[in-house]
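J.: starting from these lines, generate the structure:
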Amino acid sequence: MHAIWESGAQPGADATSTSGNYDAPAHDVVDGSSSEPGATYGTAHRVVSVIGPTASGKTGLAIALAKALRDRGDAEEIINADAYQMYRGMDVGTAKATLQERQAVPHHLIDVIDPDDAMSVARFQQLATDCIAQLQQRGIRPILVGGSGLYARAAIDDISFPATDPAVRSQLEERARLEGPGALYAELQAKDPQAAARMDPHNPRRTIRALEVIAITGKPYSASLPQYRYVMPAVQIGLDLPREELDRRIDMRTEAMRQAGFVDEVRRLRSRLGVTATRALGYQQILESLDGTLSEDEAFAQIAQRTKRLARKQMGWFGRDPRIHWLNALDPHLLDRALEVIDQADSGVFDEHDANANDYVHHHLGDVGEVQRLSAPGPGPSRQ
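T.: Okay, the predicted model is just below:
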């Protein structure tokens, strides 16, 4: 259960999660069982969330932050917010933190389910909020790291996930087939014009989901849409960089995956890859290469191309959130700039801004020259 936190105040109204009860694996569970994040830790130390597009250097910065804060006498541990890094054995293709990196700074929610299992954002929300609460009870500041936009927000934001009803959905899908998507969209306009205004009339999938939620809950679908409101004291640090540099890094990462044995990894896992796991970018392309549909060169070319496309989608997703503190990933003083953001967040500097997030202009990622907000000197992390 989420608790809505106001700056410096006690927990307020609950935001309902329908993810169900799911216990984290034993090696990820720590002492304590409170479900209220920060219940015994107070509001001074914000949960840090490091976000940004694929290959922007999130893991490197998160590890450098944890070490730097440790040198100050604090304790930090990392919580993975990348959906596919939660699968055991999917290491190369998801660019999972190395064993050495995980030994340097403890990581959570990595290798917690098998490839034939299914991870959902609602399930992750329960896992992540439990993990945050448990770390905070031990006096440890959580640092979330991940490129999955909705996953990162689900851990710290006012987001609920209404249940699904296969019978209701089946009826709506049959209506879309018989009557066309326009009829369902017109119904949504009548029942929830705010939700309809945010959807493509020609995309029935989202319209069906909206009408399903309305039928199940009796409330407008727009009432369940994510809000830019933290449910715990938090600060988000975003990594931005020019698109040509991002493309270069993606090409380098794709080639590094090839050299690190990505094909062998997929060959080893293919009999155990479930429907959800195979959606991880790159795995389907390698499967097609193993089946002879694509050559290996064609498969890796597709992986690079689709990763660049994904990175641009991520930039659009993250760019909508005005609470994110964007830093240039190429800045040689990146670490100190990020530390200054955290220090200011801990002191409450951003509380008023974050409370009025929807009133601010959103950042256009790629325009890194416009996001130099801090100027502290010092070395940055070496990992790219």
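J.: quick one: what helix or strand has Pro332 in it?
T.: If you go by DSSP states H and E, Pro332 is not part of any helix or strand.
J.: low-confidence stretches in this protein?
T.: 1-43, 147, 358, 360-384 (pLDDT under 70).
J.: give the contact list for Glu255.
T.: Phe300 (CB atoms under 8 Å, 6 or more residues apart in numbering). (C-beta placed from N, C-alpha, C; glycine too.)
J.: who are the packing partners of the longest strand along the chain?
T.: In the chain, with assignment by DSSP state E, the single longest strand is strand 234-240. Identification of packing neighbours for strand 234-240 by 3 or more CB pairs under 8 Å, 6 or more residues apart in numbering; DSSP states H and E yields strand 47-51, helix 58-71, helix 149-156, strand 325-328, helix 334-346.
J.: next SSE after that strand?
T.: Using DSSP H and E, the first helix or strand after strand 234-240 is helix 243-259.
J.: buried sites along the helix or strand that comes right after that following helix?
T.: Once helix 243-259 ends, the next helix or strand along the chain (criterion: DSSP H and E) is helix 262-269. By 16 or more other CB atoms under 10 Å, the buried positions in helix 262-269 come out as Phe262, Val263, Glu265, Val266, Leu269.
J.: repeat that for stretch 320-330.
T.: Buried, per 16+ other CB under 10 Å, within stretch 320-330: Asp321, Pro322, Arg323, Ile324, His325, Trp326, Leu327, Asn328, Ala329, Leu330.
J.: then stretch 280-292?
T.: Within stretch 280-292, the residues scored as buried using 16+ other CB under 10 Å are Ala280, Leu281, Gly282, Tyr283, Gln284, Gln285, Ile286, Leu287, Ser289.
J.: just stretch 301-319 next, same as before
T.: Buried, per 16+ other CB under 10 Å, within stretch 301-319: 302-304, 306-308, 311-312, 314-315, 317-319.
J.: residues near Arg141, how many?
T.: Applying other CB atoms under 10 Å, we find 22 other residues in the vicinity of Arg141.
J.: what backbone torsions are found at it?
T.: phi -80, psi 120 (degrees, to the nearest 10).
J.: with secondary structure and distance to Gln134 as extra columns, can I get the buried residues of stretch 280-292 in CSV?
T.: Listed next are the buried residues of stretch 280-292 as CSV, based on DSSP: H, G, I helix; E, B strand; the rest coil; distance: CB to CB, whole Å:
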residue, secondary structure, distance to Gln134
Ala280, coil, 27
Leu281, coil, 31
Gly282, coil, 32
Tyr283, helix, 31
Gln284, helix, 35
Gln285, helix, 38
Ile286, helix, 36
Leu287, helix, 37
Ser289, helix, 41
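J.: considering these, which is situated nearest to Met252?
T.: Gly282 (14.7 Å; CB to CB).
J.: how about that closest one, what does it touch?
T.: Gly93, Met257, Phe262, Ile303, Arg306, Thr307.
J.: of the residues you listed, closest to Val235?
T.: Val235 lies nearest to Thr307 out of those, by CB to CB, at 27.7 Å.
J.: I figured that closest one hits Ile250, correct?
T.: Yes. Assessed by CB atoms under 8 Å, Thr307 is found in contact with Ile250 at 4.9 Å.
J.: overlap in contacts, the two.
T.: With CB under 8 Å, 6+ apart, Thr307 and Ile250 have common neighbours Thr54, Ala55.
J.: now do the strands in the stretch 101-250 of the chain.
T.: 107-108, 141-145, 157-158, 227-230, 234-240 (DSSP state E, counting those that start in this stretch).
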